[in-house]
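Colleague: I would like to see how this sequence folds:
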Amino acid sequence: MELGEPNADRIDPITVSVIQSSLIAAADEMFAVLNKTAMSPIIYEVLDVGTGITDAQGELVSSGAGIPTFVGVLDKAVKRIIELNGLDTIREGDCFVTNDPYYGGVTHLNDVVIALPVFAGGELVAWAASIAHWNDIGGKTPGSMAVDVTEIFQEGLRLPAVRLFDKGTPLRSVFDIIMANSRLPDFVLGDLWAQVAASRKAESRIRELVYGYGAEAYRSALADLFAEGERRGLAGLAELPEGTYEIDETQDDGALWHAAITVAKDRFTVDLRDNPKQREAPYNTSRDGAVISAQMIFKALTDPTLFANAGSFRALEVITEPGTIFHATGTAPHGYYFETRIRLADMLWQCMARALPERLPAGSFASICGTVIAGDHPDTGRRFTMVEPQMGGWGATATRGGLDAMYSTNHGETFNCPVEICEARYGLDVGFKRLNESSEGAGLHSGGKGLQTSYRLRAPAILSAGYSRARQPVWGANGGDNGGLNGLTVARTNGVFERLTFASGVALKPGDEIVIETANGGGWGATSSSQS
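Modeller: Here you go, the predicted structure:
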């Protein structure tokens with residue numbers, strides 16, 4: 001079958017629509033397969049994953065549910081795989097794996113991308129890709145999220161966009177290397193195969209479309225889809241006030257971040273050049289990671305719907321400077337990239353909220369508040385690693401209060417791990433999960449409530465954690481009060497209390513209690529009392 005060039009004039013719009021809807025359904029079906037077959041609760045309960053389909057060149061076509069910023073990873077990962085391997089070397093039955101931000105992994109080593117090229121009639125027509133957080137990928141500390149590292153080599157196993165299957169044959173040496181470098185080999189193997197199964201399900205659906213409707217119709221549907229994404233982006237952009245908007249924001253560590261956003265009729269430019277140099281610490285992000293943060297605000301402003309593909313972001317331009325925290329190079333570590341990326345997204349949001357106070361909410365708790373507890377189950381002796389992002393308060397809007405106990409805006413369609421699962425799988429006692437009833441975030445409309453959570457240890461364990469917005473409070477909007485702070489306290493059995501923000505390798509003993517408190521969202525608008 002020769003695929004040829006699409007001719008939209010010869011393809012009826014109903015067929016085009018059916019193909020497009022089927023590609024979206026295929027990405028959702030990938031997500032369902034991954035959710036149902038993975039071994040780790042961080043995947044099947046929390047849904048710390050993303051699934052997507054790209055065209056042959058790696059342009060995003062459709063995405064499943066999951067973390068919105070993960071969807072932005074997959075097209076970039078596929079493009080890097082193509083760049084490193086060359087389209088002429090890729091064969092039917094191949095499958096690739098990467099987790100390294102310098103080789104298309106984009107995020108950090110725990111987040112593993114599986115990408116499978118889809119062939120129909122002997123031609124490459126698409127890629128089916130997924131990303132999922134693996135509980136342990138080696139490195140200095142259980143859970144692979146150490147804070148006391150200076151190079152990426154210390155963070156765990158690096159998989160630089162290598163083949164996992166060669167023309168349908170599993171490369172056992174790669175499987176063996178992965179398992180030998182994880183403290184939880186059975187879990188990483190199970191999660192890996194779940195991702196492969198998800199890609200194979202999408203592969204079968206895509207082939208059905210190409211064979212059922214013809215290659216020309218398939219190509220036309222993709223061209224129409226990209227054009228629609230671009231049209232929506234430009235239409236939304238035209239509704240924004242033109243100009244340049246700038247922001248400077250002090251971070252918890254005292255660093256000053258800067259961004260400038262320029263809105264024009266056909267271009268939305270985010271300039272991140274004037275920022276701190278990359279660090280010998282795990283708080284850097286790749287340029288692709290910075291682009292994803294910019295994509296979040298661009299999409300929210302121009303077309304805040306579930307519709308997203310490569311065309312959606314054609315009007316977006318992101319300018320970065322190599323060697324800075326938003327464009328790390330060389331061997332800089334990335335373990336807690338997510339705190340840098342979510343703080344960047346929050347800063348860009350705040351910048352535009354000042355320009356559009358009636359349209360955008362106040363600040364949210366704006367941290368993943370990643371909490372990792374690793375040890376041996378007190379009842380079974382089986383090794384475990386609990387990876388738990390936390391929920392917090394979202395900011396109020398011009399029309400209503402903020403939402404209570406939500407995952408971060410970057411995390412999207414994820415869920416908390418049920419208490420019953422947590423206690424059964426990890427051998428912890430969950431003392432409470434309750435709303436933070438502090439008065440922070442007051443305003444004409446109050447910010448949403450954060451959450452208070454208690455974990456009590458029944459056996460020795462090791463703790464790692466990364467909490468930002470621990471010193472600089474959540475920002476209010478249009479005269480509303482600031483929200484609170486995020487934080488974690490270890491209450492020792494001897495009466496000692498340890499307040500932590502970023503930490504790893506923290507030894508815990510039976511009876512120790514971890515108490516987590518996430519911030520309320522920012523308030524919107526001044527109250528009548530403050531106005532008077």
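
Colleague: domain ranges for the protein?
Modeller: Using automatic domain parsing, the domain parsing of the chain gives 8-227, 357-532.

Colleague: which stretches of this protein form helices?
Modeller: All helices of the chain, identified by DSSP state H, fall at 13-37, 41-44, 68-85, 172-180, 185-213, 215-238, 287-302, 337-355, 419-426, 528-531.

Colleague: Serialize those helices to TSV and add fields for mean neighbour count.
Modeller: Glycine gets a C-beta too; all of them are placed from N, C-alpha and C. Converted to TSV, the helices of the chain look like this (neighbours: other CB atoms under 10 Å):
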stretch	mean neighbour count
helix 13-37	19
helix 41-44	23
helix 68-85	24
helix 172-180	14
helix 185-213	20
helix 215-238	20
helix 287-302	24
helix 337-355	23
helix 419-426	16
helix 528-531	9
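
Colleague: for Pro276, find the nearest of the ones you listed.
Modeller: helix 337-355 (10.4 Å; CB to CB).

Colleague: so how far is the closest one from its chain's centroid?
Modeller: For helix 337-355, the separation from the chain centroid amounts to 14 Å (computed by CA atoms, centre = their mean, to the nearest Å).

Colleague: what's the answer for stretch 97-115, then?
Modeller: Using CA atoms, centre = their mean, the offset of stretch 97-115 from its chain centre is 12 Å.

Colleague: now stretch 288-305
Modeller: The chain centroid and the centroid of stretch 288-305 are separated by 12 Å under CA atoms, centre = their mean.

Colleague: go through stretch 140-155 and flag the buried ones.
Modeller: By 16 or more other CB atoms under 10 Å, the buried positions in stretch 140-155 come out as 140-147, 149, 152, 154-155.

Colleague: of all the residues you listed, which two lie farthest apart?
Modeller: Of all pairs drawn from the buried residues of stretch 140-155, the greatest distance, 18.2 Å, lies between Pro142 and Ile152 (CB to CB).

Colleague: show the contacting residues for the nearest residue to Gly139 once chain neighbours are set aside.
Modeller: Nearest residue to Gly139, sequence neighbours excluded (CB to CB, 6 or more residues apart in numbering): Gly156, at 3.5 Å. Residues near Gly156 by CB atoms under 8 Å, 6 or more residues apart in numbering: 109-110, 136-139, 144, 181.

Colleague: the same query, at a cut-off of 10 Å, please.
Modeller: Residues in contact with Gly156 (CB atoms under 10 Å, 6 or more residues apart in numbering) are 99-100, 108-110, 134, 136-141, 143-146, 149, 181-182, 335.

Colleague: ok, now Tyr455?
Modeller: Per CB under 10 Å, 6+ apart, neighbours of Tyr455: 371, 373, 386, 388, 422-423, 426, 428-432, 461, 463, 490, 508, 512-516.

Colleague: for PyMOL, write the select line for the buried members of those residues.
Modeller: Provided next is the PyMOL selection string for whichever of the contacts of Tyr455 are buried by 16+ other CB under 10 Å:
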select buried, resi 371+373+386+388+422+426+428+430+461+463+490+508+512+513+514+515+516
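
Colleague: let's see which of the contacts of Tyr455 end up in strands.
Modeller: Counted as lying in strands by DSSP state E, out of the contacts of Tyr455, are 371, 373, 386, 388, 429-432, 461, 463, 490, 508, 513-516.

Colleague: tell me which of the residues you listed has the lowest pLDDT.
Modeller: Of all these, the model is least confident about Glu388, whose pLDDT is 91.

Colleague: check contacts around the nearest residue to it once chain neighbours are set aside.
Modeller: In this structure, Glu388 finds its nearest non-sequential neighbour in Thr371, 4.7 Å apart by CB to CB, 6+ apart. Contact analysis of Thr371 by CB under 10 Å, 6+ apart lists 143, 145, 386-390, 453, 455, 463-467, 488, 514, 516.

Colleague: tell me how far Ala27 lies from Asn410.
Modeller: According to CB to CB, to the nearest Å, Ala27 and Asn410 sit 19 Å apart.

Colleague: re earlier: any chance of the helices of the chain in CSV, with mean pLDDT and distance to Gly122 too?
Modeller: Formatted as CSV, the helices of the chain follow (pLDDT from 0 to 100; distance: least, CB to CB, whole Å):
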stretch, mean pLDDT, distance to Gly122
helix 13-37, 94, 20
helix 41-44, 91, 34
helix 68-85, 91, 18
helix 172-180, 98, 26
helix 185-213, 97, 11
helix 215-238, 96, 11
helix 287-302, 95, 31
helix 337-355, 97, 39
helix 419-426, 94, 45
helix 528-531, 57, 69
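
Colleague: as a markdown table, these with distance to Thr320 would be great.
Modeller: As requested, these are exported to a markdown table (distance: least, CB to CB, whole Å):
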| stretch | distance to Thr320 |
| --- | --- |
| helix 13-37 | 29 |
| helix 41-44 | 30 |
| helix 68-85 | 14 |
| helix 172-180 | 31 |
| helix 185-213 | 29 |
| helix 215-238 | 21 |
| helix 287-302 | 5 |
| helix 337-355 | 11 |
| helix 419-426 | 39 |
| helix 528-531 | 39 |
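
Colleague: nearest to Trp257, of those?
Modeller: Nearest to Trp257 among these is helix 337-355 (6.0 Å), distances taken as CB to CB.

Colleague: just confirm Gly479 contacts Ala396, I think it does.
Modeller: No: the pair Gly479 and Ala396 fails to qualify as a contact (CB atoms under 10 Å) at a distance of 11.3 Å.

Colleague: tell me which of the two has more neighbours.
Modeller: Ala396 (33 against 15; other CB atoms under 10 Å).

Colleague: what sits against Thr518?
Modeller: Here Thr518 is in contact with 364-365, 367, 369, 390-393, 405-406, 408, 436, 449-453, 467, 469, 474, 483-488 (CB under 10 Å, 6+ apart).

Colleague: for Gly143, same thing?
Modeller: With CB under 10 Å, 6+ apart, Gly143 has these contacts: 110, 135-137, 156, 183-184, 335, 370-374, 385-387, 462-464, 504.

Colleague: report how many residues lie close to the closest residue to it other than its chain neighbours.
Modeller: For Gly143, ignoring the flanking residues on the chain, the nearest one in space by CB to CB, 6+ apart is Val372 at 3.7 Å. By other CB under 10 Å, the residues close to Val372 number 24.

Colleague: so Val125 makes contact with Glu208?
Modeller: No: checked against CB under 10 Å, the pair Val125 and Glu208 is beyond contact range at 11.8 Å.

Colleague: sorry, back to before: what sits against the residue nearest to Gly143?
Modeller: By CB under 10 Å, 6+ apart, the neighbours of Val372 are 42, 110, 135-136, 141-145, 385-388, 461-466, 504.

Colleague: rerun that using 7 Å as the cut-off
Modeller: By CB atoms under 7 Å, 6 or more residues apart in numbering, the residues touching Val372 are 143, 145, 385-387, 463-465.

Colleague: same thing with Ser182?
Modeller: 136-138, 188.

Colleague: again, but for Ser22
Modeller: 205, 209.

Colleague: if we use 6 Å, what do you get?
Modeller: The contact partners of Ser22, by CB atoms under 6 Å, 6 or more residues apart in numbering, come to Leu209.

Colleague: ok, now the one 4 residues further on?
Modeller: Contacts for Ala26 (CB under 6 Å, 6+ apart) come out as 202, 205.
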